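Visitor: how would this look folded up:
(one chain, ligands or ions: 1)
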Amino acid sequence: MARLLIVSNRLPISVRVDRGALCLTRSSGGLAAAMRGPHERRCAVWIGWPGSVTSLSPEQRRDADVALAGMRAVPVHLGAAEQHRFYDGFSNGVLWPLLHYLLDKVNLDAELDWEAYQRVNERFADIVVAQYTPGDAIWVHDYQLLLLPALLRRRLPGARIGFFLHVPFPSAEVFRILPWREQIVRGLLGADLIGFHTAAYRRNFAASAAHVLGVEPGEAELEHDGRRVALGVHPISIDAAEIERLAGHPGVREEAARIRAEARGRKIVLGIDRLDYTKGIPRRLLAIQRFLEREPELRDQVRFLQLAVPTREMAGAYADFRRVVHEMVGRINGQYGTTYATPIHYMHRSLPLEQVVALYLAADVMLVTPLRDGMNLVAKEYVAARVDDDGALILSEFAGASSELAEAVSVNPYDIGSVAAAVKQAIAMPPAEQQRRMAALRGRVATHDVHAWAQAFLDELDRAAAPEPEGAAA
Ligand code: G6P
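Guide: Purely as a prediction, here's the structure:
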């Protein structure tokens, strides 16, 4: 039977050892969260990296592989040094900052990292080819595997291959900085369909392909190597029904009530992000500081709650960034804290989804202010959790989600003063306005959920990969 093979760098389950015992935990991040539902519903096979297994004993490694197989997950094991160059060095040291327009963070002395990136993409190709049976659809995900579509095309010329980019595709003027731009564009063009979150990302890619390879720029299709490659716009979403179900769960509602009680009548303004420099946390903290400075009479009426989920901790840029954020939180709390309260309640950890939904339910205002973000699913989760159609969302205009979530309070995250003003506006938003905006947002997220997204992408892939009907050629 034809199957769906999902291929991403990270599996949705991470394997590690905790005090000598084997642990399987849910991976964090938008991609894993989003694809979990389609993986289950479609009985798909998921191929990816399960985390570093170097500290596992041979028996634990076998046990882990068996447990993963039971979840239809196929591990791609990588050696520690190779993984470091591929993941920290190239994927997150070069591609991640470049694709998010943060050029000062790009590691351009990355020749060896690039070599590892190619090798790891080839390793993924070996495993996908070994899993593949004719008729399967292969769906490759994200910037860690940009070379994979062409590697697969070479070995499986007739396969249906889709690629989806979960991050922004930047302007061609930014992309051309990359010394390996040509190989990357060729890698992607091995797919039958390349999907993006927004029309702007798709335009940027088409312009880059035109610039780098000289292909005719097309809006929804390119010709390359005698093949047609479709370019689709498919804004990713969340499992809205699942978030809604959790938001109605009595235990989750009780937890939300506890969080509210603990705030003692103050409005709760919430931020939830991986602790990543693209998420705009320092500027958000400065906006909070500006708000506290400007609004002395509101200081005791607002509690800022920030959940910063640990991420990519082995990469130097992330360790430096963590220090900056922790120092800022300490400084602002030191300046504005009183005997009874500190303005910013900061947590550096990951929490189970039930508790995250309790936070969404408890928050009067959700502050989502990335400097750049492919989509941002936290914004959509907040909306889906607000089953009473109240609360307010403040959303960066540089998140892909802003092209869909027009009823949010839109901000430029670089403009600290206007973010401070948006916080003031959102906490004072009249209930009728909250209802009007949230009902519209929630309706949209409920209909365009992750299952509709996956279906639309796979339908387009079928059309893009279908052989020409006989006699159709002119
Ligand atoms: C973003 C990326 C994903 C990635 C996730 C978590 O959502 O688009 O590809 O999996 O962040 O990051 P990590 O490096 O921990 O996989």
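Visitor: mind checking how far the residue in the stretch 151-300 of the chain positioned nearest to the ligand is from G70?
Guide: At 3.8 Å from the ligand, H166 is the closest residue in the stretch 151-300 of the chain, using C-beta to the nearest ligand atom. C-beta coordinates here come from the backbone N, C-alpha and C atoms, glycine included. H166 is 26 Å from G70, where distance means C-beta to C-beta, to the nearest Å.
Visitor: these two: which is more packed in?
Guide: H166 (24 against 8; other C-beta atoms under 10 Å).
Visitor: isn't that one right next to L31, touching?
Guide: Yes: with contact defined as C-beta atoms under 8 Å, H166 counts as touching L31 (5.1 Å).
Visitor: which neighbours do those two have in common?
Guide: With contacts defined as C-beta atoms under 8 Å, 6 or more residues apart in numbering, the residues adjacent to both H166 and L31 are 141-142.
Visitor: quick one: distance of stretch 225-233 to the chain centre.
Guide: Centroid separation for stretch 225-233 versus its chain: 24 Å, with C-alpha atoms, centre = their mean, to the nearest Å.
Visitor: residue contacts, the closest residue to the ligand within the chain?
Guide: Residue nearest to the ligand within the chain (C-beta to the nearest ligand atom): G29, separated by 2.5 Å. Shown in contact with G29 (C-beta under 8 Å, 6+ apart): 10, 274, 311.
Visitor: who in the chain is up against the ligand?
Guide: Counting by C-beta under 6 Å from any ligand atom, the residues of the chain close to the ligand are 10, 29-32, 142, 166-167, 311-312.
Visitor: narrow those residues to those in strands?
Guide: R10 (DSSP state E).
Visitor: okay, the residues of the chain next to the ligand in CSV with pLDDT next?
Guide: Output for the residues of the chain next to the ligand, formatted as CSV (pLDDT from 0 to 100):
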residue, pLDDT
R10, 96
G29, 82
G30, 82
L31, 91
A32, 92
D142, 98
H166, 98
V167, 98
T311, 94
R312, 92
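Visitor: in helices only, show me the residues of the chain next to the ligand.
Guide: Members of those lying in helices (criterion: DSSP state H): 30-32.
Visitor: ok so, going back, buried subset of the residues of the chain next to the ligand?
Guide: 10, 29-32, 142, 166-167, 311-312 (16 or more other C-beta atoms under 10 Å).
Visitor: closest one of those residues to G20?
Guide: R10 (24.2 Å; C-beta to C-beta).
Visitor: my read: the closest one touches A32, true?
Guide: Yes: counting by C-beta under 8 Å, R10 does reach A32; the two are 6.1 Å apart.
Visitor: OK, contacts around G187?
Guide: G187 makes contacts with 121, 146-151, as judged by C-beta under 8 Å, 6+ apart.
Visitor: could you rerun that using 10 Å?
Guide: Applying C-beta atoms under 10 Å, 6 or more residues apart in numbering to G187 gives the contacts 118, 121, 140, 145-151, 153, 163, 180.
Visitor: what of E381?
Guide: E381 neighbours (C-beta under 10 Å, 6+ apart): 33, 237-240, 242-243, 246-247, 272, 353, 356-357, 360, 366, 445.
Visitor: do the same with I416
Guide: Counting by C-beta under 10 Å, 6+ apart, I416 has contacts 283-291, 369.
Visitor: chain center to stretch 381-390: distance?
Guide: 20 Å.
Visitor: what do you get for stretch 242-257?
Guide: 24 Å.
Visitor: how about that stretch: buried residues?
Guide: Buried positions in stretch 242-257, judged by neighbour count with 16+ other C-beta under 10 Å: 242-244, 246-247, 252-253, 255-256.
Visitor: which residues in the stretch 151-300 of the chain form strands?
Guide: 160-164, 193-196, 221-224, 227-233, 267-274 (DSSP state E, counting those that start in this stretch).
Visitor: can you list the weak-confidence ranges in the stretch 1-150 of the chain?
Guide: By pLDDT under 70, the stretch 1-150 of the chain has no low-scoring segment.
Visitor: if we use 90, what do you get?
Guide: 1-2, 16-22, 26, 28-30, 33-34, 37-38, 51-58, 61, 107-109 (pLDDT under 90).
Visitor: all helices for it, in order.
Guide: Using DSSP state H, counting those that start in this stretch, the helices assigned to the stretch 1-150 of the chain run over residues 30-41, 58-70, 80-83, 96-99, 111-131, 148-155.
Visitor: my guess is R176 meets H211, correct?
Guide: Yes: between R176 and H211 there is a contact under C-beta atoms under 10 Å: 6.3 Å.
Visitor: what's the most distant pair in the contacts of I416?
Guide: Among these, Q289 and T369 lie farthest apart (C-beta to C-beta), at 13.8 Å.
Visitor: who has more neighbours out of the two?
Guide: A count of neighbours by other C-beta under 10 Å puts T369 above the other of Q289 and T369, at 27 against 19.
Visitor: what about the helices in the stretch 151-300 of the chain?
Guide: Going by DSSP H, counting those that start in this stretch, the stretch 151-300 of the chain shows helices at 172-175, 181-188, 199-213, 240-248, 250-262, 281-294.
Visitor: where does the closest residue to A439 other than its chain neighbours fall, phi/psi-wise?
Guide: Spatial nearest neighbour of A439, chain neighbours left out: D389 (4.6 Å); criterion: C-beta to C-beta, 6 or more residues apart in numbering. D389 adopts backbone torsions of phi 50, psi 40, taken as degrees, to the nearest 10.
Visitor: give the contact list for D389.
Guide: Counting by C-beta under 10 Å, 6+ apart, D389 has contacts 383, 431, 434-443.
Visitor: and what of K380?
Guide: 30, 34, 235-238, 240, 243, 368, 393, 401, 404-405, 441-442, 444-445, 448-450.
Visitor: how much space between it and H448?
Guide: Using C-beta to C-beta, K380 is found at 9 Å from H448.
Visitor: common neighbours of the two, please.
Guide: Residues touching both K380 and H448 (C-beta under 10 Å, 6+ apart) are 235-238, 240, 404.
Visitor: surely V74 and D65 touch.
Guide: Yes: if you go by C-beta under 10 Å, V74 and D65 touch, sitting 9.0 Å apart.
Visitor: overlap of the contact sets of the two?
Guide: Common contacts of V74 and D65 (C-beta under 10 Å, 6+ apart): P50.
Visitor: more neighbours, the two?
Guide: Higher neighbour count among V74 and D65: V74, with 20 against 17, using other C-beta under 10 Å.
Visitor: still on that earlier bit, mean neighbour count added to the strands of the stretch 151-300 of the chain, as CSV?
Guide: Formatted as CSV, the strands of the stretch 151-300 of the chain follow (neighbours: other C-beta atoms under 10 Å):
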stretch, mean neighbour count
strand 160-164, 25
strand 193-196, 26
strand 221-224, 16
strand 227-233, 18
strand 267-274, 22
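Visitor: and the nearest residue to Q434 once chain neighbours are set aside, helix, strand or coil?
Guide: In space, and not counting its chain neighbours, Q434 is closest to D390: 4.9 Å by C-beta to C-beta, 6+ apart. At D390 the chain is in coil, as set by DSSP: H, G, I helix; E, B strand; the rest coil.
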